[in-house]
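> Turn this into a structure:
(2 chains)
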Amino acid sequence: MTGISEVSFAAAETEDQPRIRRGPLPYILLAVGTLVILTGAWIGLFVAPAETFQGNTQRIMYIHVPTAWAAMLALMFAFVSSFAYLFNGKWAWDARLEASIEIGTLLALLLCIQGSIWAKPTWGVWWDWDPRLTTSAVMVFAFAGILALRKFVEEPGRRATWSAVATIVAFIDVPVVYFSVNWWNSLHQTQSTVGNIAPAFRVPLYTSAIGFVILLTGLIMLRARTSEIRLSEEIAPPLEPVASVGGIRS
Amino acid sequence: MTGTVTGGWEFVAAAYGITIFVVGFYTVRAILGYRAALRKVSPTSGETS
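Have a look, this model is predicted:
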């Protein structure tokens, strides 16, 4: 049976080298994603009606729920990237792993902040240690820990392997976050699905969600490109200037 | 009506404001980081080669 350590250093043994990727696609995705999110937000803020019981505070849903979906998608991509790196050892997957964890963690943190702002007027408290909120906090700290791990480990192969394994372990919490409202008695409402959202609320919610997914794709592509360039420098650092010999610099 | 949340626009503004700030700041940082990394490895080449 092949051990993880044997698989993980495959990158060093093969001829795979980090690539320098160019092209305008990430910029296009960022621009389109931003426009779609702004359109969704505009409809949610000024066109959609206020909810019967929560009033205007329910409008937070049009960014809170898409942020949650985008965060979970990013972390799911990190999970896939981890397996891909461990099995084929290509540096591109390590770069994608770093990008998706960083963005997923940021969105998960933003999700908690948005939720806290929504909780105050509706629940009367900024935070409650209920299952959904607690598992979400665990998710943020677990993936933030993996980002910290990547900062501390200098050797690229070891860093990629350790963070890939840690991501697979940490990802166990992501479905727990999603299903926590079904599994336990939670203050948090159940998942927002087509079946439990009024038609008037669906258009801004789905518009905003599509925008977040497009923006997320552009950000992961751009951030992964940066990681791959940094990896290429780590693995094959620029040549030092040749020392002068006899006063003549070659 | 009993049990209804009235007002609430300040919370909506705070949630949207923080989201725009965080996502906007990260997006700009990602773009600048990529361009800086690209310049470092190939100072003379164009970005969209």
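> what's the spacing between the residue nearest the centre of chain B and chain A?
Geometric centre of chain B, nearest residue: B:G24, 1.6 Å, by C-alpha atoms, centre = their mean. B:G24 sits 9 Å away from chain A, going by C-beta to the nearest C-beta, to the nearest Å. C-beta: built from backbone N, CA, C; applies to glycine.
> residue in chain B nearest to chain A?
Residue of chain B nearest chain A, by C-beta to the nearest C-beta: B:G8 (3.7 Å).
> What sits closest to that residue if chain neighbours are left out?
Counting by C-beta to C-beta, 6 or more residues apart in numbering or on different chains, A:T57 is the residue found nearest to B:G8 once chain neighbours are left out, at 3.7 Å.
> Which residues are in contact with that neighbour?
Going by C-beta atoms under 8 Å, 6 or more residues apart in numbering or on different chains, A:T57 touches A:W118, A:P121, A:T122, B:V5, B:G8, B:F11, B:V12.
> Now the residue nearest to the centre of chain B: which helix or strand?
helix B:9-41 (DSSP states H and E).
> quick one: buried residues of that helix?
Buried residues in helix B:9-41, counted by 16 or more other C-beta atoms under 10 Å in any protein chain shown: B:11-12, B:14-16, B:19, B:22-23, B:26-27, B:30-31, B:33-34, B:37-38.
> Please apply the same query to stretch A:73-92.
When burial is assessed from 16+ other C-beta under 10 Å, stretch A:73-92 yields the following buried residues: A:73-75, A:77-82, A:84-86, A:89-92.
> Inside strands: which ones of those?
With DSSP state E as the criterion, strands contain none of the buried residues of stretch A:73-92.
> Name the nearest of those residues relative to chain B.
Distances from chain B to the buried residues of stretch A:73-92, taken by C-beta to the nearest C-beta, are shortest for A:A74, at 12.0 Å.
> hang on, isn't the closest one packed against A:L97?
No - using C-beta atoms under 8 Å, A:A74 makes no contact with A:L97, being 10.9 Å away.
> Thank you kindly, that will do.
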